[in-house]
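*Asks:* Task: produce atomic coordinates for the following.
(2 chains)
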Amino acid sequence: MHSKYETVIGLETHAQLLTESKMFCSCSTKFGSKPNTNICPVCTGQPGVLPVINKKAIELAIKTAIALNCRIEKMSVFARKHYFYPDLPKDFQVSQYELPLATGGFVEIEVEGKKQKIGITRIHLEEDAGKLVHKGAARIMGAGESLVDYNRTGVPLMEIVTEPDIRSPLEAKVFMETLQHLLQFIGVCDAKMEEGSLRCDANLSLRPAGETKLGTKTEVKNMNSFRAVLKALEAEEKRHAEVLNEGGKILQETRFFDDINETTIGMRSKEFAHDYRYFPEPDLVPVEPDHQWIETIKNTLGELPEAKSERFFNEYSLAAGINKILISDKLKADFFERTVKHFNKPEMIANWIIGDIAAYLNENKKSINEISLTPEKLSEILKLIDNGTITGKIAKNILLEVLGTGKTVQDIIKEQGLTQISDEGELVKIVGDVIKNNPKQVDEFKSGKDTVIMFLVGQVMKASKGRAKPDKAQELLRKALG
Amino acid sequence: MTEELFGKTAHELSSLLKKREISSVEIVESVYSRIGAVEDKIKAFVSISREQALEAARKADAKLKSGENTDPLCGIPVAIKDNMCTKGVTTTCSSKILANYLPPYDATVVAKLKELGAPSTGKTNLDEFAMGSSTENSGFHTTRNPWNIETVPGGSSGGSAAAVASGESIAALGSDTGGSIRQPASFCGVVGLKPTYGRVSRYGLVAFASSLDQIGPITKDVTDAALLMNAIAGYDAKDSTSVNAPVPDYRNVLVGNAKRFRIGIISDLMGKGIDEEVKIAVRDAAKQLEKLGAIVEEVSLPTLEYAVPAYYIIAPAEASSNLARYDGVKFGRRSKDAPDLITMYYNTRREGFGSEVKRRIMIGTYALSAGYYDAYYLKALKVRTLIKQDFEKAFTRFDVLISPTAPSPAFRIGEKVSDPIAMYLSDIATIPVNLAGLPAISLPCGFSHGLPIGLQMIGEAFSEEKLLQLAYTYEQNTDWHKRKPELKGG
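*Replies:* Next comes the predicted model:
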């Protein structure tokens, strides 16, 4: 952008952890329940209640810390962060402050072909707040009535803070995409920005190119998609440059991204001038994960995307594009490898998985381990194509039938008589019909337009309901027209 | 006979119940008849739950009748300090802000007592949110000391102590953050035990200062304290600070033997600011213990001098946080007709909290503020560590440390209300124990002008057995605990 300035961005991301229960009580974390049904005395902050740490949340955060190359601290401490707001039942949030769970890692991102490391300052755990609904105004001030739903209160959140290593809005967007992929891949968070299970705030500042001191930063909030991250930071970057170019000063403040107008709007800084009065949560004991536990978690982590990508490239010679799509979903990548064990045609298998199978999964909002297709069944179908028993088109029909009904491949073939036509007489008859019904194309072919033959082959395929073998059909057509 | 049941101890009543000479219903009736006769004078209770108690007593009687193995407390009515949650029964903390609060759950200790069949007779008065040493900070009324109703019963568990002393309850639960079990026990001439931090679950105890609060028994004698400890001690998965260590049967240690006990009298708590008659009573108690075979020496814990100031940073800091939730949004009192949220917060808390609670919220908020945290809160934590180390050092030489429980016997109502520092200093001997997380017991060791004097015994963490053994031995060889107030004055 403006070559005069260097942009410096740091991100604070919040990821909802995929635990069954909340951070400090046994209430369900299920999304979309009726308001105030997943609540109990603990998460509504009734007098006398005490928190108990959800061990699973610690486990998932440790898993993330390992994946993000962080150091897991021998001792981390929960603290209370105080502010009054109706969505916060205790009027303090339990979060980690001075002593976080993990520190000092990095994430590698690739922007326009260039790889770079973005430092991770810290990873810590905290509890989410509830949700307010206002009537008569957008915010609580001025609303005639405000309702609160405490279902989300106490849902475990993991905060991941980056170093100010990001140098452009695009890098910030790519970082978020990379992080999303990683969190989904290791199964700690479903990481959907639009649904709020992955959120981010950004600190942005500009400084003259070559300067090492940081400029005054602003914090940008309310970015609810990857696109919003890009647009918000582009707008804020532009605004900073304009202010600086006019000789003005940047006011350190929090700004909200207006998605519709693609601008950032300053909040009255007073509204955020909080003194949170942090102090160690006296109702909890420090988190001290033992070495053995960390090792066990490390072992369940398995191969990370970067390593897997490299291995897939070496072992299966998959093209980079296919490789990337395939490993973007750990379950698909696992399915792929299990199928390859039965039938060693990696590229063919990969194409089916990221093609027709992925389309079915998207349409039915399912993951590959939730369907009736197994690696065994897929390899069975693909083998039949490979040895010429069925056509690709029929294979697709069989696949859909397996997905829809869960029947075995053999049963479907038997029921529908789907094997390729091996009786040449039957095929000759179909070829004859096609020639008779398409006089115009036959004439074109005869006058030397050879490519028309493919249209006629297509007609044979259609008439045979895909059971004809295309090269055999072409051979017979040429013979009949020759 | 029914008339006098209220005057007996839990263990006496328990053996009568087991022999089927009396019923739990008779005990409960007797207790309520006593309440009917003297509660107007004493005002120990915030609420009475007669019907529920009788129902629980009938169930206990059925259980006793069935011959199944019952706990000694089965059928013994117990009063509960009104800062422990009781499902469906108001739990007010003697605060206007929670005047109508109905908890949706039982505190762990309450559930345990219910489970073993001890009827809960009512909820006892306290200084609002347990902040005080006299019950004068109650948002409702001041409880009177049964020994002289012009004096305070101590606090904050003054309601529980007065109820036990006056016969309005056989036994009671209190909570102790800086002396709130022991000091009222001392003032009312009964036994009060503050267990080791983590020995009894705090789940359901409305928090004042989480790192200091502990629930314990207030009883007529040491044996009853052991019975109640058996009932309430133990690990609770719902309280992360409760300790997962086996609970002994505390009755086994009631053997009346002080031989080879090494006892240290804390000289720092026997000097300036302590009443002469109190000192004499404690020295006499020490001599008595020596006669019973103990070795008594003086010991100094020089950091105790800083305990009260450190406490009045740490406890208010935690309180300011714990009491934030009383904001009018979810439960408890909400100020009416506020034009906006912030005004609603202000008005609710202004109307709902009393002045001592407000004072502590302000002190605590200040101590935790940016720029002051290191100077106050962190410094206080360092003092706390030093006090802990002082005790640890002393326990390399001694089994038990003794001191007065309070610098004086009960003071007059109104005497200290306008001087908070003087009020705070009445906990000078008890506060260090909470800061160090140790167990301590107060038991009667004399009288001054008709008012009881309390002896405090302090032990190492999880040494409740030693404390109970020594206290029992002393009690068996003295008569102080047998004296009853005549409910004079007023």
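*Asks:* residue furthest from the geometric center of chain B?
*Replies:* Centroid-distance maximum for chain B: B:P339 at 41.5 Å, with Cα atoms, centre = their mean.
*Asks:* What residues does the stretch 151-300 of chain A have near chain B?
*Replies:* Neighbours of chain B within the stretch 151-300 of chain A, by Cβ under 8 Å from any Cβ of the partner chain: A:275, A:277-279, A:282-285. For every residue, glycine as well, the C-beta is placed using N, CA and C.
*Asks:* do that again at 7 Å, thanks
*Replies:* By the criterion of Cβ under 7 Å from any Cβ of the partner chain, the positions of the stretch 151-300 of chain A lying close to chain B are A:275, A:277, A:279, A:282-285.
*Asks:* count of residues packed around B:E464?
*Replies:* 27 (other Cβ atoms under 10 Å in any protein chain shown).
*Asks:* isn't it right next to B:N230, touching?
*Replies:* No. Between B:E464 and B:N230 there is no contact under Cβ atoms under 7 Å: 10.6 Å.
*Asks:* returning to what we had before: among the residues of the stretch 151-300 of chain A next to chain B, find me the one that's closest to B:L102.
*Replies:* B:L102 has its nearest neighbour among these in A:D283, at 23.0 Å by Cβ to Cβ.
*Asks:* How about the contacts made by that closest one?
*Replies:* A:50-51, B:210, B:240-241 (Cβ atoms under 7 Å, 6 or more residues apart in numbering or on different chains).
*Asks:* how close does it get to A:L68?
*Replies:* 29 Å (Cβ to Cβ, to the nearest Å).
*Asks:* Kindly report the same for B:I402.
*Replies:* Applying Cβ to Cβ to B:I402 and A:L68 gives a distance of 56 Å.
*Asks:* Compare these two (neighbour count), which wins?
*Replies:* Neighbour totals were compared for B:I402 and A:L68, and B:I402 leads with 27 against 22 (other Cβ under 10 Å).
*Asks:* circling back: need the residues touching each of B:E464 and B:N230.
*Replies:* Common neighbours of B:E464 and B:N230 (Cβ under 7 Å, 6+ apart) are B:Y250.
*Asks:* what helix or strand is the closest residue to A:E303 other than its chain neighbours on?
*Replies:* Once flanking residues are discounted, A:E303 sits nearest to A:R311: 7.2 Å by Cβ to Cβ, 6 or more residues apart in numbering or on different chains. In the assignment (DSSP states H and E), A:R311 maps to helix A:305-316.
*Asks:* what does that helix contact?
*Replies:* A:108, A:181-182, A:185, A:318, A:323, A:326-327, A:333, A:340, A:346.
*Asks:* same check, this time on stretch B:34-52
*Replies:* Contacts of stretch B:34-52 (Cβ under 7 Å, 6+ apart): B:6, B:32, B:82, B:89-90, B:92, B:94, B:120-125, B:140-144, B:146, B:149, B:159, B:162-163, B:166-168, B:487, B:490.
*Asks:* Just the ones of these in helices?
*Replies:* Counted as lying in helices by DSSP state H, out of these, are B:32, B:159, B:162-163, B:166.
*Asks:* Which single one of those is nearest to A:K465?
*Replies:* Closest to A:K465, out of all of the ones in helices among the contacts of stretch B:34-52 and judged by Cβ to Cβ, is B:G159, at 88.9 Å.
*Asks:* what about the helices in the stretch 201-350 of chain A?
*Replies:* A:226-245, A:291-301, A:305-316, A:320-327, A:330-342, A:346-352 (DSSP state H, counting those that start in this stretch).
*Asks:* Make TSV out of the ones you listed and add mean neighbour count and mean pLDDT.
*Replies:* Below are the helices of the stretch 201-350 of chain A laid out as TSV (neighbours: other Cβ atoms under 10 Å in any protein chain shown; pLDDT from 0 to 100):
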stretch	mean neighbour count	mean pLDDT
helix A:226-245	19	96
helix A:291-301	13	94
helix A:305-316	15	87
helix A:320-327	18	83
helix A:330-342	19	91
helix A:346-352	19	92
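*Asks:* To B:K194, which of these lies closest?
*Replies:* helix A:291-301 (35.5 Å).
*Asks:* For B:P452, list the residues it contacts.
*Replies:* Contacts of B:P452 (Cβ under 7 Å, 6+ apart): B:147, B:186-189, B:409, B:444.
*Asks:* tell me which residues form a beta bridge with it?
*Replies:* B:F447 (DSSP bridges).
*Asks:* and the gap between it and B:V278?
*Replies:* Taking Cβ to Cβ, one finds B:P452 at 11 Å from B:V278.
*Asks:* How about A:L132?
*Replies:* Relative to B:V278, and taking Cβ to Cβ, A:L132 is found at 56 Å.
*Asks:* for the stretch 201-350 of chain B, what spans make up the strands?
*Replies:* B:214-219, B:262-266, B:295-299 (DSSP state E, counting those that start in this stretch).
*Asks:* Where does the prediction get shaky in chain A?
*Replies:* Scanning chain A for pLDDT under 70 picks out A:1-3, A:268-273, A:422.
*Asks:* Going along the chain, name the strands of it.
*Replies:* A:5-16, A:71-72, A:78-82, A:92-96, A:102-111, A:114-127, A:131-135, A:145-149, A:156-162, A:198-208, A:218-223, A:254-258, A:263-266, A:279-280 (DSSP state E).
*Asks:* So which of A:L132 and B:V278 has more stuff around it?
*Replies:* Legend: neighbour count by other Cβ under 10 Å for A:L132 and B:V278, higher for B:V278 (25 against 15).
*Asks:* center of chain B, which residue is that?
*Replies:* By Cα atoms, centre = their mean, the most central residue of chain B is B:I181, 2.0 Å off.
*Asks:* sorry, back to before: which among the ones in helices among the contacts of stretch B:34-52 gets closest to chain A?
*Replies:* Distances from chain A to those, taken as Cβ to the nearest Cβ, are shortest for B:G159 (17.7 Å).
*Asks:* Tell me how many other residues surround that closest one.
*Replies:* So B:G159, with other Cβ under 10 Å, has 36 neighbours.
*Asks:* So it sits against B:L126, correct?
*Replies:* Yes. If you go by Cβ under 7 Å, B:G159 and B:L126 touch, sitting 5.9 Å apart.
*Asks:* Need the overlap of contacts for the two.
*Replies:* B:81, B:135.
*Asks:* re the thing from before, buried ones only from the ones in helices among the contacts of stretch B:34-52, please, as a ChimeraX command.
*Replies:* Buried residues within the ones in helices among the contacts of stretch B:34-52, by 16 or more other Cβ atoms under 10 Å in any protein chain shown, are selected in ChimeraX with:
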select /B:32,159,162,163,166
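*Asks:* Turn the ones in helices among the contacts of stretch B:34-52 into CSV, including distance to B:D268 and pLDDT.
*Replies:* Shown next, in CSV, are the ones in helices among the contacts of stretch B:34-52 (distance: Cβ to Cβ, whole Å; pLDDT from 0 to 100):
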residue, distance to B:D268, pLDDT
B:Y32, 45, 97
B:G159, 31, 98
B:A162, 30, 98
B:A163, 33, 98
B:S166, 34, 97
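*Asks:* ok now do whichever residue of the stretch 301-450 of chain A sits closest to chain B, which residues does it touch?
*Replies:* Chain B sits closest to A:L301 of the stretch 301-450 of chain A, with a gap of 27.4 Å, by Cβ to the nearest Cβ. Neighbour list for A:L301: A:63, A:66-67, A:186 [criterion: Cβ under 7 Å, 6+ apart].
*Asks:* Once you drop chain neighbours, what's closest to A:I325?
*Replies:* Using Cβ to Cβ, 6+ apart, the closest residue to A:I325 is A:I354 (4.7 Å).
*Asks:* In contact with the closest residue to chain B within the stretch 1-150 of chain A, which residues?
*Replies:* Going by Cβ to the nearest Cβ, chain B is nearest to A:D91 of the stretch 1-150 of chain A, at 3.6 Å. By Cβ under 7 Å, 6+ apart, the residues touching A:D91 are A:82, A:84, B:324-325, B:327.
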